[in-house]
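Trainee: Next comes the sequence, and after it the predicted model I'd like to discuss.
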Amino acid sequence: MENIFNLPLEKLENKLENLGEKKFRATQIFEWLYKKGVSNFFDMKNIKKESVSILSENFNIDFIKIIQKQSDKDAKKYLFELEDGNKIEAVLLKQNYGNSLCVSSQVGCSMGCVFCESGKNKRVRNLKPFEIVQQILLIESDLNIRVSHVVVMGIGEPFDNYDNIIDFIKIINHPKGLDIGARHITVSTCGVVPKIYEFAEDVGQINLAISLHAANDELRSYLMPINKAYNLRELMKAVKFYIQKTNRRVTFEYIMLDGVNDSEKHAHELISLIRGINCYVNLIPYNKVNGDKFSATSSEKIMKFYDIIKKNKINVTIRKELGSGVSAACGQLRSEHREE
Ligand code: SAH
């Protein structure tokens, strides 16, 4: 039986029509689920009894479960258990512009980036749209807040779970759904090039972030195996296509790894790679993972790297080290849990 939270409005309309129901029921259900927070078909007051039985015979409305929370001043981290016992996490960051939630897209990840905790555990399976949507719903209701921004930057590679991510975006972006504006939704990829083209065509104004981390192929292939399948030339071509199609600015994420990708030479390589592209660079302080061979670049050295980029008139920011008190780096809470 399908979980009702899996379905964008149009898909729900089609399913209902196939069950002999009127199309407008879908809008009514969406309002109950996403506006009024009702999670039981029997409480949907404007839906007649016969339709309620049809709904409950054809759809379930089950939730994933919050099993652990950690918090500090500006970050709250949640560990969830899925129906099959797998665990995923989401992190809520209080920003000056609102509540930004970082959601997971897969259980584990197969991309194998050498510095990343999630990649050590390999992909177990893709998340269904309902399992991503409910990360938002459960945290909103737990904290009694509204999530204003969503970043798909938690565990997993979203473009390795493309169709479900698109359905998830349709649900949260729809005015009758969670109504989170396209410009408040960001998808981050390690560089699955064919999906960048599809994304540019499919979803319009959703923000795209690229985990770049190195601006030469040799270093990037060492850090991120995906670069062996799609090198920087192909990646940049796809990024330019996305910008041309959407007119949106792309974010390049760049983790600062001490002695690996953080020298002046690396800064200049980065500048020549992205010069002239409508983008900004987000320098990310590395979050050290237990027993890892990498260390974080010092703040002084990050500032130096930042200054070089800035002097070359490229927009650049340094990510605030939010949430370092709550194992906020990708996959860390889940992996602490696995070791227990
Ligand atoms: N697979 C997608 C999204 C998930 S990873 C992607 O690669 O973009 C989200 C971001 O966290 C990526 O930029 C990733 O490279 C980064 N990241 C992974 N491990 C990290 C760590 N230990 N410290 C800081 N950032 C990390």
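Mentor: Arrived safely, thanks for sending. Note that the coordinates shown come from a computational prediction; the quantities given were computed from them, not determined experimentally.

Trainee: Please enumerate the strands of the protein.
Mentor: 2-3, 59-60, 65-71, 75-81, 87-95, 98-102, 106-107, 125-126, 149-152, 185-189, 207-211, 250-256, 279-285, 315-318 (DSSP state E).

Trainee: for the ones you listed, which one sits closest to Ser221?
Mentor: strand 207-211 (13.8 Å; CB to CB). C-beta: built from backbone N, CA, C; applies to glycine.

Trainee: Does at least one residue of the closest one sit close to the ligand?
Mentor: Yes: judged by CB under 6 Å from any ligand atom, strand 207-211 and the ligand are in contact via Ser211.

Trainee: residues in this protein within reach of the ligand, list them.
Mentor: Taking CB under 6 Å from any ligand atom as the contact definition, the chain meets the ligand at 111, 113, 115-116, 153, 157, 188-190, 211, 253, 255, 284, 286-287, 289, 329-330.

Trainee: buried subset of those?
Mentor: With burial judged by 16 or more other CB atoms under 10 Å, the buried subset of these is 111, 113, 115-116, 153, 157, 188-190, 211, 253, 255, 284, 286-287, 289, 329-330.

Trainee: By mean pLDDT, which helix or strand of this protein comes out lowest?
Mentor: Here the helix or strand of the chain ranked lowest by mean pLDDT, DSSP states H and E is helix 332-339, holding a mean of 52.

Trainee: The residue most central in space within the chain: what's it in contact with?
Mentor: Against the mean C-alpha coordinate of the chain, by CA atoms, centre = their mean, the closest residue is Val152 at 0.6 Å. Each residue near Val152 by CB atoms under 8 Å, 6 or more residues apart in numbering is listed here: Cys102, Val103, Ser105, Ile132, Pro158, Ile165, Phe168, Ile185, Thr186, Val187, Ser188.

Trainee: if we go to 6 Å?
Mentor: Contact partners of Val152, counting by CB atoms under 6 Å, 6 or more residues apart in numbering, are Val103, Ser105, Pro158, Val187.

Trainee: Equivalent analysis for Ile210, please.
Mentor: By CB under 6 Å, 6+ apart, the residues touching Ile210 are Phe252.

Trainee: shift numbering so it begins at 850
Mentor: Done: numbering now begins at 850, and the last item shifts to Ile1059.

Trainee: Name whatever forms a beta bridge with it.
Mentor: Beta bridges link Ile1059 to Thr1038, Phe1101, judged by DSSP bridges.

Trainee: Can you tell me how far it is from Val1130?
Mentor: 10 Å (CB to CB, to the nearest Å).

Trainee: if I look at these two, which residues touch both of them?
Mentor: Shared contacts of Ile1059 and Val1130 (CB under 6 Å, 6+ apart): Phe1101.

Trainee: per-residue confidence for Glu1189?
Mentor: Looking at Glu1189, its pLDDT stands at 36.

Trainee: Same question for stretch 870-881: list its buried residues.
Mentor: For stretch 870-881, the neighbour count (16+ other CB under 10 Å) marks Glu870, Arg874, Ala875, Gln877, Ile878, Phe879, Trp881 as buried.

Trainee: Lys1159: which of those residues is nearest?
Mentor: Nearest to Lys1159, judged by CB to CB, of those is Phe879 at 44.8 Å.

Trainee: Verify the stated contact: that closest one with Pro1024.
Mentor: No: counting by CB atoms under 6 Å, Phe879 stays clear of Pro1024, with 9.5 Å between them.

Trainee: Identify the contacts common to the two.
Mentor: Common contact partners of Phe879 and Pro1024 (CB under 6 Å, 6+ apart): none.

Trainee: picking up where we left off before, what is the nearest of the contacts of Val1001 to the ligand?
Mentor: Checking those against the ligand by CB to the nearest ligand atom gives Pro1007 as the nearest, at 6.3 Å.

Trainee: Contacts only, for that closest one.
Mentor: With CB under 6 Å, 6+ apart, Pro1007 has these contacts: Ser954, Val1001, Ile1014, Val1036.

Trainee: Got the confidence number for it?
Mentor: For Pro1007, the model assigns a pLDDT of 98.
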